[in-house]
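# generate a structure from the sequence data that follows.
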Amino acid sequence: MAIVEKTCIIWPTIMAVVSHITFNDGAASPLGQLIVAGIVRDSPGRAPQKPIRVLDYYGLVYITAGGGHFADASGFSHRIRPGDLVFLFPRVGHTYGPGEGDFWNEIFIIFEGPLFDLWRDKSLLNPQRPIIHLEPIDYWATRFKDTIWSVTQTGPEYALVRLCRLQQLLADILVYERQHSHEQIDHEWLSQAKSLLNTTFQTKPDYENIAAALGTSYDGFRKRFTKDVGVSPAKYHTLRRIDRACELLLNDSLTVKEIALQLGFVDEFHLSKRFKQIVGVSPTGFRNLFLSR
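Next comes the predicted model:
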């Protein structure tokens, strides 16, 4: 299994930083396989070209920042915003990416196999529905990262584990879509709630005061937030702290102890325990994965 981090100049003034891991251990399951996955900062996407790009495999592209545009050969067109998940299908031409003056960051997974053809045949994966919006972004980004990088061992049994984890992720995405497709979410209220929760990572939020600032009781705030976001306020705050830890770990000038203190953990051992519970690897393991050359 190869781990690569590289910087590619795609065209003048656009620099894409790609970190990806290729699942090339030669032990793919006959049911399917994960081919390649990664994180791209300042992605150029796939610019319009003739003939339009057509893949022989499936892909997921989750937009974590920025915006742009997606279109496919069926005539579907969509303005992309953070939190959008783009499904790519075999033999369906498509183009996507940020427009002039735009950028986006993405997490992508490329996969194939008869197992996913069955998902498509049963309309669980549907080319007529190529975009699903997923929030909170940090929660779903962590889910994608955990699905991709929590299993790095080689061999047929581990290839199957990766395949099962990808199916679990897809199932959870479809459940989320069904739960939210017919609901009207007050995005202004939700944005304010997230902002109050994100005020500081060094101390535990005062949930009673946050609820009062939103004009509701703590119980009402907790239930409404959990219903709209899919996780409780406390879980959301924890995920945001771990997401911030991921960002700080990419700066190799900070020690794990310094990051723990900056984010309000008791010590580096407390951070390491919570980090591994959520991400699947230790902070040091995560840093080595992305900073190794």
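# contacting residues around residue 141?
Shown in contact with residue 141 (Cβ atoms under 8 Å, 6 or more residues apart in numbering): 62, 64, 107, 243. For glycine as for every other residue, the C-beta is placed from the backbone atoms N, C-alpha and C.
# SS state for the first one?
The one in question is residue 62. What DSSP: H, G, I helix; E, B strand; the rest coil gives for residue 62 is strand.
# can you add distance to residue 37, pLDDT and neighbour count and give the contacts of residue 141 back as a markdown table?
A markdown table is the format used below for the contacts of residue 141 (distance: Cβ to Cβ, whole Å; pLDDT from 0 to 100; neighbours: other Cβ atoms under 10 Å):
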| residue | distance to residue 37 | pLDDT | neighbour count |
| --- | --- | --- | --- |
| 62 | 11 | 95 | 23 |
| 64 | 14 | 92 | 20 |
| 107 | 8 | 92 | 23 |
| 243 | 18 | 81 | 20 |
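# quick check: residue 267 vs residue 281, distance?
Applying Cβ to Cβ, to the nearest Å, the value for residue 267 to residue 281 is 19 Å.
# these two: which has the busier surroundings?
Applying other Cβ atoms under 10 Å to residue 267 and residue 281 shows that residue 281 carries more neighbours, namely 17 against 11.
# tell me which helix or strand the more buried one sits in.
For residue 281, there is no helix or strand it lies in under DSSP states H and E.
# can I assume it is in contact with residue 289?
Yes: judged on Cβ atoms under 8 Å, residue 281 makes contact with residue 289 at a distance of 7.1 Å.
# return every residue with contacts to both of these two.
Contacts common to residue 281 and residue 289, judged by Cβ under 8 Å, 6+ apart, are residue 149.
# mind listing the strands for the stretch 101-250 of the chain?
Here the stretch 101-250 of the chain has its strands, by DSSP state E, counting those that start in this stretch, at 104-112, 131-133.
# quick one, grab the pLDDT at residue 2.
On pLDDT, residue 2 comes in at 45.
# thanks again, I'm all set now.
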